[in-house]
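Q: test case, fold it:
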Amino acid sequence: VQLVESGGGSAQAGGSLRLSCAPSGETFGSNCMGWFRQAPGKEREGVARVYTGTGSTSYSDSVKGRFTISRDNTETTLYLQMNSLKPEDSAMYYCAARDVGCRNDPEGFNTWGQGTQVTVS
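A: Numbers count the residues shown, from 1 in each chain. As a prediction, this is how the structure comes out:
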């Protein structure tokens, strides 16, 4: 199973973008799904995650109050609504899923997408 992100692009500071992530191929289930980002020269950073069993969400301090993670009614597509964008939000954004737990460590996520670029100016 592979995750496929879409919705990245360019935006002005203060603007909005919505990222989507859907599995390609066979039916996919996970315990936890999340969004990460990585800017050039920086470590991959967890942005938001959702525990699929309860719908409980968690956000990094840098995006709290501006970004919202959600899933569609069929629970197949993951979204990241990004509002009040800042230039420091510019990065490659990755969708990821893990089978056990829902901690923020990238190493615990076993399925990843290819990423979608977000540029804010």
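
Q: which helix or which strand is home to the residue positioned nearest the centre of the chain?
A: Centroid-nearest residue in the chain, with Cα atoms, centre = their mean: residue 35, separated by 2.1 Å. Residue 35 belongs to strand 32-38 when assigned by DSSP states H and E.

Q: for that strand, which residues meet the burial criterion?
A: For strand 32-38, a neighbour-count test (16 or more other Cβ atoms under 10 Å) marks 32, 33, 34, 35, 36, 37 as buried. In this view, the C-beta of every residue, glycine as well, is placed from N, C-alpha and C.

Q: can you check stretch 103-117 too?
A: By 16+ other Cβ under 10 Å, the buried positions in stretch 103-117 come out as 104, 106, 109, 111, 112, 113, 115, 116.

Q: which ones among these lie within helices?
A: Among the buried residues of stretch 103-117, no member falls in helices (criterion: DSSP state H).

Q: could I get these as a markdown table with distance to residue 4?
A: Compiled in a markdown table, the buried residues of stretch 103-117 are given as follows (distance: Cβ to Cβ, whole Å):
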| residue | distance to residue 4 |
| --- | --- |
| 104 | 22 |
| 106 | 19 |
| 109 | 16 |
| 111 | 11 |
| 112 | 11 |
| 113 | 6 |
| 115 | 10 |
| 116 | 9 |
